[in-house]
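J.: can't give you the sequence, but here's the structure:
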């Protein structure tokens, strides 16, 4: 059997109402990329599934989670060790939200609760001058909308990491770790429908924190530029390996 090029490292299930309406997290990523879940290897590390050995001919996406990196859960720490091994052989990695934070933690950075609380809804992400020549970001203007939902943040980057973008709330929205690994605090895999339903699901907590949840729902916008970053990452890998074929819509 041919080895699949892309690994989705799933670090948590979506809550049941979201799964019923939109499928589980790997489906969101595959829909954004333009492939089938049959075309990728999904490893549910939060349930104890073992990761394959790191392989520079493959690529991995590390998803978001409803867990917290600072809890240092055993499966999370095992995944962090795997990330260090993958980075040592320059395996392509793409971290999202929890995955973004976990890569930084694995490589020597710090992750804590954000002192200003939750960042949620569609927010503006601003590229900095370091992003100008990044091939995954060349389609973007200086600012673009992205879907966000997180309470923890990278408070200190690992040595050698480069910040490529920020938001008004979070200084570390896109981080580059060498030529083959990148991570984003926002959710490029989320559609506006998923983003709205997630805000509705978190409404009680958002209101308790003093934010108008209804205005966040009303302010959700399409975020095609953010999704394109993810597609470009996968495209870059598949140009070297035909194991995963994208649909015409994703090309």
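T.: It's in. Every value quoted in this text rests on a predicted model; they were computed, and no experiment measured them.

J.: list the contacts for residue 46?
T.: Under the criterion of CB atoms under 8 Å, 6 or more residues apart in numbering, the neighbours of residue 46 are 10, 11, 12, 13, 65, 67, 73, 75, 76. In short, each C-beta sits where N, CA and C put it, glycine included.

J.: my bad, should have said residue 29
T.: Contacts of residue 29 (CB under 8 Å, 6+ apart): 8, 40, 61, 63, 189, 230.

J.: just those: which are in helices?
T.: Of those, the ones assigned to helices by DSSP state H are residue 230.

J.: list just the nearest of the contacts of residue 46 to residue 223.
T.: The nearest member of the contacts of residue 46 to residue 223, counting by CB to CB, is residue 65 at 20.1 Å.

J.: roughly how far does the closest one sit from residue 92?
T.: 21 Å (CB to CB, to the nearest Å).

J.: and what of residue 196?
T.: Counting by CB to CB, the gap from residue 196 to residue 92 is 31 Å.

J.: looking at those two, which is more packed in?
T.: Each of residue 196 and residue 92 has its neighbours counted (other CB atoms under 10 Å); residue 92 has more, 22 against 19.

J.: how about the spatially most central residue of the chain: what's its closest non-neighbour residue?
T.: Taking CA atoms, centre = their mean, the centroid of the chain lies closest to residue 96, which sits 1.3 Å from it. In space, and not counting its chain neighbours, residue 96 is closest to residue 64: 5.3 Å by CB to CB, 6 or more residues apart in numbering.

J.: show the residue spans covered by the strands in the stretch 101-250 of the chain.
T.: Counting by DSSP state E, counting those that start in this stretch, the stretch 101-250 of the chain has strands at residues 110-113, 119-127, 143-150, 152-156, 162-166, 174-176, 181-184.

J.: partners of the longest one, with directions?
T.: Looking back up the chat, that one is strand 119-127. Counting by DSSP bridges, the strands paired with strand 119-127 are strand 143-150 (antiparallel), strand 162-166 (antiparallel).

J.: can you pull out the low-pLDDT segments for the protein?
T.: Counting by pLDDT under 70, the low-confidence segments of the chain come to 1, 242-251.

J.: mind redoing it with 90?
T.: Counting by pLDDT under 90, the ranges of the chain that qualify are 1-3, 238-251.

J.: circling back: the strands paired with strand 119-127: which one's closest to residue 100?
T.: So among those, strand 143-150 is nearest, using CB to CB, at 8.8 Å.

J.: ok now the closest one, how far from the chain's centre?
T.: How far strand 143-150 lies from its chain's middle: 11 Å, per CA atoms, centre = their mean, to the nearest Å.

J.: quick check: buried residues in that strand?
T.: 144, 145, 146, 147, 148, 149, 150 (16 or more other CB atoms under 10 Å).

J.: so which of these comes closest to residue 30?
T.: Among the buried residues of strand 143-150, and counting by CB to CB, the member closest to residue 30 is residue 147, at 17.1 Å.

J.: if we can go back for a sec, so can I have a markdown table of the strands of the stretch 101-250 of the chain showing distance to residue 34?
T.: A markdown table is the format used below for the strands of the stretch 101-250 of the chain (distance: least, CB to CB, whole Å):
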| stretch | distance to residue 34 |
| --- | --- |
| strand 110-113 | 31 |
| strand 119-127 | 22 |
| strand 143-150 | 18 |
| strand 152-156 | 29 |
| strand 162-166 | 24 |
| strand 174-176 | 22 |
| strand 181-184 | 18 |
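
J.: quick one on the thing from earlier: which of the contacts of residue 29 are buried, as a ChimeraX select command?
T.: Only the buried entries of these go into this ChimeraX selection, using 16+ other CB under 10 Å:
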select :8,40,61,63,189,230
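
J.: wait, which of the contacts of residue 29 is closest to residue 215?
T.: Using CB to CB, those come closest to residue 215 at residue 189, 23.8 Å.
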